[in-house]
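Trainee: with the input below, show me the fold.
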Amino acid sequence: MGRLHVLAAALPLLLIAAASADSVSSQLLTGHSSPMDSSMAHQFFVLGADQAILANATQGSRSRRDATAISEYKDRVYNDDLCERDVIRIRDAIVNTEEWALEFPDTWGRLPMGFFWGHSISMGQYEECVAATSTYGDEIRGQYCLASLNITLFYKEVKQRGEEFKESRISYRQTDPEVFELGICVPSTCSPAKTETLLRNVITHFYGDDVVDFSYNMVTEARCKYDAPIQLRGIDIFAIIFFSLIVFFMVASSVYDYVQTRKKAPKKPLLIAFSVLHNAPKIFTVRQVNNPNVIHCLNGLRCFSMMWVVFGHGYMTFYDLPHINRNKFYTWVETPYSMLVQNGSLCVDTFFFMSGLLMCWGAFRELERTKGKLNIPMMYFHRYIRLTPVVAVVVLYIMSLYKYSGEGPMWFKLGTQDKRCEDSWWATLLYIQNYAYPYHICVSQSWYLAVDTQLYFLSPLFLIPLWKWGKKALIPISIFGLICLGGTFATFMIKDFTLFRVQDEHVDLRQKMTYYPTHTRIPTWLIGVIFGYFLFTRNRGRQIPLAKVWVVIGWTVAIGTMLADMWGPYWRILPGTPDSPLIEGALFEPLSRSSWALSIGWIVWACYNGHGGLINDFLSWSFFTGFSRLTYCMYVIHRIVQLVNAARLQTDTHFSNYDAILRWWQDFGITLTASIFATLAFEAPILGIEKAIFGGSKPAPKKPSPGDLAKSAPTEVKEAEQPTDAAPATVETQAEITPSPGSSAEEPSKV
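Mentor: Sure, this is the predicted structure:
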């Protein structure tokens, strides 16, 4: 008898649900939410409320203990009983056209425009959802979730263009969309599992069960967020205190510097280490240095390479944005312009070449001054203490305050850098992340710093034989470099890596085995070391004359080689061109790096010896001198700026070169500003403290006159301002040989 009463009570609800289904079954899902009852967002609450009432009538309410869902996040509490109650309340308030309730379906994503052009995300209104609150005494709050709907079942039924047309239009490996991401807004009491159940029901109601593959999780806790009080962790509190102390030190040190300057009193070096008044002029003041050891053109090479790095990484991030025409990428990779990104890794070989050159030059200066003695432990210490502070600060920021830098749908997808640091932060500070954690490096671009530091630690194995035996040591060094080239070639052949990274099906493995490892970068670096050896021992302090015809030939060969390295393989990605054989990519990868380094070597040699003309004038422009002092901080910081800027997006974007350049200027400007602060707050003070503790150096000699240059031997110059580290290394290690934080024109730095 009791069951009959339950069925009698449930029957009207079933009729209401059936009538509701009939009223919308014949209506298409439109791109707007009015009338409300024709949208899937509205029906989510209608059907969810009906099911909740029916379940309570037939089964009775579950206990609160059983309904409580366990959350991985300490600031979240889920209860499915309360979720059902809140869904019913929202449905009733929508019927009553109450504004707070209408906000819930209003914030849902809709069917997007350009789905067949790759626009497979509809984010909805994130901020409106998390701000949604009820007028009930027992508050209902909005929770935003980015649901992932597997649509492979639907796309299999799409009658696509013929293969002939597709091949003539796109040569890059375009794949069919697998996931459609939909922004939804539900009560904050609903667990991801409960939300998925309700979402599955409404999708089945509208589209049936043959459109979305429900065997995959649609709603996960990692992609849900509601407005909850911030609970600071221990590392967050430490970071806030640390950065506050740094700002305090900068202010206090600047005040002390100002007061002592007004009094014309002496200043203690340690007390002005953080002074902005003391450090800023060393960054922005440019003085022409008349010194035979200066290679001015390296300033321009470093700055352009740094801009190229930001440009290439910007495109990598730009591709991941929610473009309404994302499939344009597949035709974009066929354009000559795209080769600046596809072959953009060549700029890294410029850095490695300069690193080897400057390291050899600086070490030989020290060996010359000490008569063949090299303090290796101190050399390692100086290297570590000058590179690490900025890296450590960035790691600290990523692991602490980074999570508070943004929020939204794209933050779920791109704002995950802190997860990469949970395990690998220590490897970053030890510069072994390229081997220890190649698949999730904490500061992604810091693989270069790891490789360059490892090469620096290995450098005595090459420097000491070169110093002692001269050209005789070049034979085993060259053989070693050729062996490393052969190793890259063999890896390509064995692992079936393709010519272009974007076309490789094993991108992560390729990065791990041929891009990040130190042994794959040794040839380019050794070319710089050998070049630095000859430049120091045969060319320093004088200009080598060369007939104009040979100058023209040299520039033609160098520029032609660089153009071939950059655009030579372009024809391989054109429609109708056959795929490249394995051996082509296996030869191109190592040889393009080495030939690029050799071409950069010609540019440096020609400019140093007066054969550069307008190119040397431009690369040696004093503007690049000041700019190059910021390149190290820019290199360490720029990727985080790009990720934060991209992950904060909550609206659709458009893919084009112009839009990418606009974003490049945005990323570059913020990176430059942050780098100025980082240089003044961390890099320059550390150099000042190091200088105060370990003392300065002897003044550098003035550059001889043109008449004296012809008479002077290379060994006559005992001191110089040539930096000793890698590019884009610290301000101490700038290629410009002009004043920098911790290193002035009168007091040059040493190894």
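
Trainee: list the buried residues in whatever helix or strand residue 556 lives in.
Mentor: Assigned by DSSP states H and E, residue 556 belongs to helix 548-567. Buried residues in helix 548-567, counting neighbours by 16 or more other C-beta atoms under 10 Å, are found at 551, 554, 555, 558, 561, 562, 565, 566. Placement of C-beta: from N, CA and C, glycine included.

Trainee: same check, this time on stretch 315-327
Mentor: 315, 317, 318, 319, 321, 322, 323, 324, 325, 326, 327.

Trainee: okay, now the unreliable bits of this protein?
Mentor: 1-37, 57-67, 69-71, 74-75, 136-137, 161-174, 288-290, 501-504, 695-751 (pLDDT under 70).

Trainee: would you point out which residue is most central in it?
Mentor: residue 639 (3.2 Å; C-alpha atoms, centre = their mean).

Trainee: export whichever helix or strand residue 635 is part of as CSV, just CAs?
Mentor: Element membership for residue 635, per DSSP H and E: helix 631-647. Extracted C-alpha coordinates of helix 631-647, given in CSV (Å, rounded to 0.1, in the frame of the first residue of the first chain):
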residue,chain,number,x,y,z
THR,A,631,68.9,39.5,-21.4
TYR,A,632,69.6,36.9,-18.7
CYS,A,633,66.6,38.0,-16.5
MET,A,634,64.5,38.2,-19.6
TYR,A,635,65.4,34.7,-20.6
VAL,A,636,64.5,33.3,-17.2
ILE,A,637,61.3,35.3,-16.8
HIS,A,638,59.8,35.5,-20.2
ARG,A,639,58.2,32.1,-20.4
ILE,A,640,56.3,32.6,-17.1
VAL,A,641,55.0,36.0,-18.4
GLN,A,642,53.8,34.3,-21.6
LEU,A,643,52.0,31.5,-19.7
VAL,A,644,50.3,33.8,-17.3
ASN,A,645,49.1,36.1,-20.0
ALA,A,646,47.8,33.2,-22.0
ALA,A,647,46.2,31.3,-19.1
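
Trainee: tilt between the helix or strand following it and helix 631-647?
Mentor: For helix 631-647, the succeeding helix or strand toward the C-terminus, using DSSP H and E, is helix 657-678. Going by axes from the mean of the first three to the mean of the last three C-alpha atoms, to 10 degrees, helix 657-678 is angled at 130 degrees with respect to helix 631-647.

Trainee: could I get the buried residue list for helix 657-678?
Mentor: 660, 663, 664, 667, 668, 670, 671, 672, 674, 675, 676, 678.

Trainee: which residues of the stretch 201-350 of the chain fall in strands?
Mentor: Counting by DSSP state E, counting those that start in this stretch, the stretch 201-350 of the chain has these strands, from start to end: 224-226.

Trainee: am I right that residue 468 is in a helix?
Mentor: Yes. With DSSP: H, G, I helix; E, B strand; the rest coil as the criterion, residue 468 is part of a helix.

Trainee: now name the helix or strand holding residue 600.
Mentor: If you go by DSSP H and E, residue 600 is part of helix 582-608.

Trainee: out of all of them, which helix in this structure is the longest?
Mentor: In the chain, assigned by DSSP state H, the helix with the most residues is helix 234-263.

Trainee: against which helices or strands is that helix packed?
Mentor: Using 3 or more C-beta pairs under 8 Å, 6 or more residues apart in numbering; DSSP states H and E as the contact test, the elements touching helix 234-263 are helix 276-284, helix 376-399.

Trainee: re the thing from before, so which of the buried residues of helix 657-678 is the closest to residue 409?
Mentor: Within those, proximity to residue 409 (C-beta to C-beta) peaks at residue 663, which comes in at 18.1 Å.

Trainee: tell me how far the closest one lies from residue 311.
Mentor: From residue 663 over to residue 311 the distance is 10 Å, taken as C-beta to C-beta, to the nearest Å.

Trainee: next one: residue 226
Mentor: Taken as C-beta to C-beta, the span from residue 226 to residue 311 is 38 Å.

Trainee: of those two, who's got more company?
Mentor: The neighbour count for residue 226 versus residue 311, taken as other C-beta atoms under 10 Å, is higher for residue 226 (21 against 18).

Trainee: any chance of TSV for the buried residues of stretch 315-327, columns distance to residue 237?
Mentor: Shown next, in TSV, are these (distance: C-beta to C-beta, whole Å):
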residue	distance to residue 237
315	37
317	30
318	35
319	37
321	33
322	35
323	39
324	42
325	45
326	41
327	46
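
Trainee: the closest residue in space to residue 608 that isn't next to it in sequence - how many residues pack around it?
Mentor: Spatial nearest neighbour of residue 608, excluding adjacent residues (C-beta to C-beta, 6 or more residues apart in numbering): residue 295 at 5.6 Å. When neighbours are defined as other C-beta under 10 Å, residue 295 has 25 of them.

Trainee: for residue 295, phi and psi?
Mentor: phi -120, psi 80 (degrees, to the nearest 10).

Trainee: I'd guessed it sits against residue 603; true?
Mentor: No. If you go by C-beta atoms under 8 Å, residue 295 and residue 603 don't touch, sitting 10.6 Å apart.

Trainee: buried ones in stretch 491-500?
Mentor: Using 16+ other C-beta under 10 Å as the test for burial, stretch 491-500 gives 491, 492, 497, 498, 499, 500.

Trainee: tell me what the host helix or strand of the first one is packed against?
Mentor: Element membership for residue 491, per DSSP H and E: helix 474-495. On a contact count with 3+ C-beta pairs under 8 Å, 6+ apart, helix 474-495 meets helix 460-469, helix 522-534, helix 582-608.

Trainee: okay, the second one in CSV with CA atoms only?
Mentor: I take that to be helix 522-534. The C-alpha atoms that make up helix 522-534 are tabulated as CSV, following Å, rounded to 0.1, in the frame of the first residue of the first chain:
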residue,chain,number,x,y,z
ILE,A,522,78.8,20.1,-27.5
PRO,A,523,79.7,20.6,-31.2
THR,A,524,78.2,24.1,-31.5
TRP,A,525,79.8,25.0,-28.1
LEU,A,526,83.2,23.6,-29.2
ILE,A,527,83.1,25.7,-32.4
GLY,A,528,82.8,28.7,-30.2
VAL,A,529,85.7,27.5,-27.9
ILE,A,530,88.0,26.9,-30.9
PHE,A,531,87.0,30.2,-32.5
GLY,A,532,87.7,31.9,-29.1
TYR,A,533,91.1,30.3,-29.0
PHE,A,534,92.2,31.6,-32.4
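
Trainee: who are the packing partners of it?
Mentor: helix 346-369, helix 460-469, helix 474-495, helix 582-608.
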